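Student: Output the structure for:
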Amino acid sequence: MKRLLPIAALSVLTLAGCANTAGYSGDVYSGNQAKTTQNVRIGTVAAVRPVQIQADSRTGGLLGGGGGAIIGGLLGNQVGGGSGRQLATVAGALGGAVAGTAVEDRANRINALEMEIRLDDGSDVVVVQRADRQFQPGQRVRLIGNGANASVAPY
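Tutor: Numbering: from 1, shown residues only. Model prediction:
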């Protein structure tokens, strides 16, 4: 039984990085954007910079931190005896929780592009979206939507 717990905990940690990142793509619309009118503005990409988006965890970090605490506690319980074993178990659980949360955070980062776009009206805007398409400075693009729901697409 003790051998199965670390395997189960590792399986949980593996699933912890499964945040839904499709919404950060310029090619994916949310349900409330469907069947609505959106503004379209034309412009030219002035600058492109690679960045990362920290996607929200579906579980609020519970799987990474909880799974890490279980694994750390199990490993700590293998050390020493008596009260030393109890202290090692607690320390292992705390360290595992911190490490598991960090692993989940890293797994939920996605590559993105920060694009500065000079619109034809002379104004500049910056849009960050998932790097699932290449954009180059000088490229003509469409800015679709506005405010919190804007995406960039080739012209």
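
Student: Quickly note the distance from the nearest residue to residue 45 once chain neighbours are set aside to residue 149.
Tutor: Distance criterion Cβ to Cβ, 6 or more residues apart in numbering; nearest residue to residue 45, sequence neighbours excluded, is residue 139 at 4.7 Å. Heads up, the C-betas are built off the backbone N, CA and C, glycines and all. In this view, residue 139 and residue 149 are 22 Å apart by Cβ to Cβ, to the nearest Å.

Student: now residue 138
Tutor: 26 Å.

Student: For those two, work out which one has more neighbours and name it.
Tutor: Ranked by neighbour count (other Cβ atoms under 10 Å), residue 138 and residue 149 place residue 149 first, with 14 against 8.

Student: for the more buried one, phi and psi?
Tutor: Per-residue torsions, residue 149: phi -120, psi 50 (degrees, to the nearest 10).

Student: what pLDDT does it get?
Tutor: With respect to pLDDT, residue 149 scores 82.

Student: low pLDDT regions in this structure?
Tutor: The model of the chain has pLDDT under 70 over residues 1-27, 29-30, 32-35, 56-69, 72-73, 76, 80, 89-90, 92-93, 97-107.

Student: switch to 80 and redo it
Tutor: For the chain, the stretches flagged by pLDDT under 80 are 1-37, 54-109, 146-148.
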